[in-house]
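>>> Here is my input, please return the structure:
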Amino acid sequence: MYKLFSLRLKSPAPTALGLFHLTRNKLRSTILDWWYATSMIGYEFSVPEDCLKVVSTIFGAQGSLQSNDFQSLAFSVETATPTDTINTAQFIRDGDTIVSAGGTYELGFFTPEKSRNRYLGIWYGKISVQTAVWVANRETPLNDSSGVVRLTNEGLLVLLNRSGSIIWSSNTSAPARNPVAQLLDSGNLVVKEEGDNNMENSLWQSFDYPGNTLIPGSKLGRNRITGMDWHLTSWKSSDDPSIGNISITLIPGGYPEYAAVEDSNVKYRAGPWNGLGFSGLPRLKPNPIYTFEFVFNDKEIFYRETLVNNSTHWRAVATQNGDLQLLLWMEQTQSWFLYATVNTDNCERYNLCGPNGICSIDHSPRWVSEAQRFEDAGDKKIMVQQEYC
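Coordinates of the predicted model:
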C-alpha cells in the first residue's frame, strides 16, 4: 500500500483529453491518469509520496493548471502499512489489496483460471491456491487492469473502468456521515460509519449478497422484515463467475426447507428442519470442523455455520451441476479436499420418479417407479427394478 498524498481541486476536473495533452513523459501521464480516474467522484486524487517533489512542477508549469487551482498541496500522508479499511480519500487500484486484520481474507482484483477478464473479489489470504469466495462485478467484468475502487461520501463503493464509468456499485441503507469500508476477518466486506462496530448499523455488507460460496458466519435464508434474500447462485463456469442456472435458496411457508433450483425447476430438496438437522441431509451432523444452526423466528429464517477452529478454511460451493460441495483446505497437500456433497441422497432429487413414484435409496443409484414396479407374467406379478425412473 503506497503512502498517499491527497490533493483537492477548487474547480471541476478537466477532460481526459485535456489531461493527456498536458503530459510529456510517463510519470506525468501516470499521475494525471490517477487524478482523472479518481476525480470522477469528489474531485480528489492521490499520488505516491515519492512523486510529491514533481507534482507542483508538473501542474504549475502547464497553462491550464496552476497552483492556485488547488486548495492545498499538502493535505495528508497516509501510512504504508497493510490495512483492512479504506475511507473516502483512498482508493484501490488493480494490483493493490486490502487484507483483513488476521490476514484470513484479501480483497482486490483477480482473474479466474483461463479467463482474461478482471474482477473485484475476496479470496483467502493465507493459502497457496487463490480461491475467490465473493465477486462484486459478476455480470460486468473488466477487460483490462484499469479498474479503480472508491468509497464515495454517500457511503457507496463504486468500481470504475478506464473511462471513469461506474460498472458496479454497492447500495446503502441510510445516509452516510463519515463512512469507511472494512474487510473483516470473517470475509465480510462492510461499509459503516467510522468507529461503529455494531453490524446491525452497517450501511452495506457483502454477506447480504453472496455468490456461489457460503463461508462460516454468512447466512442462507431470508430477512422477514426487509425481504432480503440470502441465496447462492452458481458460476456459469470455472472461468466465468457470472450468474449460472443453479441457485440454492430457501423455500418459505409452512416448514421452511432449502432447495436447489435449476431454471425455476426444483432439482432437489433438503427436507424440513427436524430440530437436529434437515431430513434430506443425512450427512449434516455434529463434526469437529464446524457447528451449525437453523434460526426460525419472526425476523429471520436462516442456516449458518461457525468454525470450531478459526484457523480452518472451510466453504460450501454451489456447483454448475446443482450440487452443494463442502470443501476443506488441507495444509499437507496444499489443496481443497471434498469433505462431502450435500446431495448424497439421490432420492431427494425433486420429481425424479414422477407422480406416485417410489425411490429406493437402499439400491442407489437404482430407483423404482410406481408405473414400472410390476409387469404381467401370466397370473403373477413380477417386480422389476429399473436403473433409472
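>>> all contacts plus neighbour counts: C-alpha atoms, from now on.
Fine.
>>> quick one: low-confidence ranges for the stretch 201-350 of the chain?
For the stretch 201-350 of the chain, applying pLDDT under 70 flags the ranges 344-350.
>>> now the strands for it?
Secondary structure of the stretch 201-350 of the chain (DSSP state E, counting those that start in this stretch): strands located at 204-205, 213-214, 219-223, 229-230, 232-237, 240-251, 257-262, 265-269, 290-296, 300-307, 314-318, 324-330, 335-341.
>>> Tell me the buried residues in the last one?
Residues of strand 335-341 classed as buried under the neighbour-count rule (16 or more other CA atoms under 10 Å) are Trp336, Thr341.
>>> before we move on, what about stretch 211-219?
Per 16+ other CA under 10 Å, stretch 211-219 contains these buried residues: Gly211, Asn212, Thr213, Leu214, Ile215, Pro216, Gly217, Ser218, Lys219.
>>> For the last one, which non-adjacent residue is spatially closest?
Put plainly, it is Lys219. Spatial nearest neighbour of Lys219, excluding adjacent residues (CA to CA, 6 or more residues apart in numbering): Arg304 at 5.1 Å.
>>> isn't that neighbour right up against Phe296?
No - with contact defined as CA atoms under 8 Å, Arg304 does not count as touching Phe296 (11.7 Å).
>>> is it true that Asn171 touches Val158?
No - counting by CA under 8 Å, Asn171 does not reach Val158; the two are 9.4 Å apart.
>>> And the strands of the stretch 201-350 of the chain: which comes nearest Glu139?
For the strands of the stretch 201-350 of the chain, the distance to Glu139 is smallest for strand 240-251, at 5.1 Å, taking CA to CA.
>>> relative orientation of the closest one and strand 324-330 in degrees?
Here strand 240-251 runs at an angle of 120 degrees relative to strand 324-330 (axes from the mean of the first three to the mean of the last three CA atoms, to 10 degrees).
>>> number of nearby residues for the closest residue in space to Tyr290 that isn't next to it in sequence?
Closest residue to Tyr290 apart from its sequence neighbours, by CA to CA, 6+ apart: Leu307 at 4.3 Å. Number of residues near Leu307 (other CA atoms under 10 Å) recorded here: 17.
>>> how far away is Leu307 from Arg150?
32 Å (CA to CA, to the nearest Å).
>>> just to revisit the earlier point, list the contacts for the residue nearest to Tyr290?
Pro216, Ile289, Tyr290, Thr291, Trp314 (CA atoms under 8 Å, 6 or more residues apart in numbering).
>>> ditto for Arg283
If you count contacts by CA under 8 Å, 6+ apart, Arg283 has them with Ala340, Val342.
>>> From Ser264, how far off is it?
Noted for Arg283: a distance of 26 Å to Ser264, by CA to CA.
>>> Repeat that for Ile166.
Separation of Ile166 from Ser264 (CA to CA): 31 Å.
>>> more neighbours, those two?
Remark: of Ile166 and Ser264, Ile166 carries more neighbours, 15 against 10, as counted by other CA under 10 Å.
>>> Look up how far Phe91 lies from the residue nearest to the more buried one when sequence neighbours are not counted.
Residue nearest to Ile166 in three dimensions, not counting chain neighbours: Leu160, with 4.6 Å by CA to CA, 6+ apart. When distance is defined by CA to CA, Leu160 is 11 Å away from Phe91.
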